[in-house]
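K.L.:
Predicted model and sequence follow; I will ask about them next.
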There are 2 protein chains.
Amino acid sequence: MLTSRAKYALRATLTLAEHHADRGWTSAGDIAESADVPKKFLEAILTQLRDQGLVESRRGPAGGHRLIADPATVSVADVIRSIDGPLAMTPCASATAFRACDDCADIETCRLRFVMRAARDAAAAVLEQCSLGDILARAAASMRRAHELVPPLGL
Amino acid sequence: MLTSRAKYALRATLTLAEHHADRGWTSAGDIAESADVPKKFLEAILTQLRDQGLVESRRGPAGGHRLIADPATVSVADVIRSIDGPLAMTPCASATAFRACDDCADIETCRLRFVMRAARDAAAAVLEQCSLGDILARAAASMRRAHELVPPLGL
DNA sequence: CTTCACTCTAGCGGAGAGGTAGGAACAACT
DNA sequence: AGTTGTTCCTACCTCTCCGCTAGAGTGAAG
């Protein structure tokens, strides 16, 4: 399961993605409100996202945070990895942070590695394929659809 | 990441799968040794597997544990779910244990659900496809290959 | 009736999750 | 220069769960 941190990070980066067009700065307080995340906790998450190179920040009045890259190039996998670490279910199945498992006698003869790797690859393909921009676009489309399905009164 | 419990459970069920042909009982001590798992801890794990209906047990001398079903019909996903719970990264993306997320305002408008669901489906497809029997077969095949690559001395 | 195994309850140390508090540093504006 | 609004940093808290162990109880076989 995802940690709350990671889910909050996704919601936060998503609202940053919405404000990305004008390259403006959004304050932690504003993000906290619109993404529904405890403010102080969000601050810690944002610093982590900054340390990972996803977000940049500026202090002072009119300061805040913003995405560094275009939302279309930031994948859900990027955000999750920045907060929760590798996607794989075992260290030895990770592509981005490969490491022998602590308790595995011999990595060569481990019978579980290949299936763990296959599962990771399958999930990673989905999460790397999907960008923050994709999510916004999809949400906008479904809003439109909902509007068509429930037309204004009188029609 | 998988918990140690789940990885131990996989190793344990795998050794049970090896001993499944004769429908015999394997003691926790023997499993612990051959799967390299702390014995007392393994006992707890085996109880959990029993409660989940994967394993049956018998007491007394010549007692022990064995798989209930044929290894070819027990998937890696079955074992993991029995120990760690749902595969999905969020409760709202789980197929076997669907539940609204605790902190999600509205499940209908959640913008993350579809990608979480897609990732879960992709990983679950792999883990449900792969049975304990498959793993044994694959390991046996790779043993044979290794043997061919390193032929006996004098050839 | 002993022996060998599972079974159950209890607990324990450590790590990490999920926050919170308070203040220091910094930038803008007046 | 001073005020204000923001990020940034350090420290701390509580709670849960993980990983694991101890020890007594229960059932089955010989």
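P.N.:
Alright, I've got the coordinates.
K.L.:
buried set for the helix or strand encompassing residue A:147?
P.N.:
Per DSSP states H and E: residue A:147 is located in helix A:132-149. For helix A:132-149, the neighbour count (16 or more other C-beta atoms under 10 Å in any protein chain shown) marks A:132, A:133, A:135, A:136, A:139 as buried. C-beta: built from backbone N, CA, C; applies to glycine.
K.L.:
hang on, the second one packs against residue A:71?
P.N.:
Yes. When contacts are counted by C-beta atoms under 8 Å, residue A:133 is listed as touching residue A:71 (4.0 Å).
K.L.:
Next, show the common contact partners of the two.
P.N.:
Shared contacts of residue A:133 and residue A:71, defined by C-beta atoms under 8 Å, 6 or more residues apart in numbering or on different chains, comprise residue A:17.
K.L.:
DNA strand D contacts on chain A?
P.N.:
Contact residues (C-beta under 7 Å from any atom of the strand) of chain A with DNA strand D: A:27-29, A:43-44, A:46-47, A:50, A:57-61, A:63-65, A:103.
K.L.:
Which members of the residues you listed are classed as buried?
P.N.:
The neighbour count (16+ other C-beta under 10 Å) marks A:28, A:43, A:46, A:57, A:64, A:65 as buried among the residues of chain A next to DNA strand D.
K.L.:
so what's the nearest residue to the third one once chain neighbours are set aside up against?
P.N.:
Same thing as residue A:46. In this structure, residue A:46 finds its nearest non-sequential neighbour in residue A:65, 5.5 Å apart by C-beta to C-beta, 6 or more residues apart in numbering or on different chains. Residues near residue A:65 by C-beta under 8 Å, 6+ apart: A:16, A:25, A:26, A:27, A:28, A:31, A:46, A:50, A:55, A:56, A:57.
K.L.:
Out of the residues you listed, list just those in helices.
P.N.:
A:16, A:28, A:31, A:46, A:50 (DSSP state H).
K.L.:
which one of those is nearest chain B?
P.N.:
Closest to chain B out of the ones in helices among the contacts of residue A:65 is residue A:16 (13.5 Å), distances taken as C-beta to the nearest C-beta.
K.L.:
Let me know the pLDDT of the closest one.
P.N.:
Per-residue pLDDT puts residue A:16 at 98.
K.L.:
And for the one 10 residues further on?
P.N.:
pLDDT, the model's per-residue confidence, is 98 for residue A:26.
K.L.:
Return the backbone torsion pair for the closest residue to it other than its chain neighbours.
P.N.:
In space, and not counting its chain neighbours, residue A:26 is closest to residue A:64: 4.7 Å by C-beta to C-beta, 6+ apart. Per-residue torsions, residue A:64: phi 150, psi -150 (degrees, to the nearest 10).
K.L.:
how about residue A:64, what does it touch?
P.N.:
Shown in contact with residue A:64 (C-beta under 8 Å, 6+ apart): A:24, A:25, A:26, A:27, A:28, A:30, A:57, A:58.
K.L.:
For it, name its beta-bridge partners.
P.N.:
Residues in a beta bridge with residue A:64, per DSSP bridges, are residue A:58.
K.L.:
tell me the contacts of the residue nearest the centre of chain A?
P.N.:
Using C-alpha atoms, centre = their mean, the residue of chain A that lies closest to the mean C-alpha position is residue A:79, 3.1 Å off. Residues in contact with residue A:79 (C-beta under 8 Å, 6+ apart) are A:6, A:9, A:10, A:13, A:49, A:54, A:132.
K.L.:
Tell me the residues of chain A that contact chain B?
P.N.:
A:1-2, A:4, A:7, A:10-11, A:14, A:36, A:76, A:80, A:85-86, A:88-91, A:101, A:103, A:105, A:109, A:111-112, A:114-116, A:118-120, A:122-123, A:125-127, A:130, A:135-136, A:138-139 (C-beta under 8 Å from any C-beta of the partner chain).
K.L.:
just to revisit the earlier point, downstream of the host helix or strand of the residue nearest to the centre of chain A, the next helix or strand is which one?
P.N.:
Using DSSP H and E, residue A:79 maps to helix A:76-84. Per DSSP H and E, the first helix or strand lying C-terminal to helix A:76-84 is helix A:113-129.
K.L.:
Thanks again, I'm all set now.
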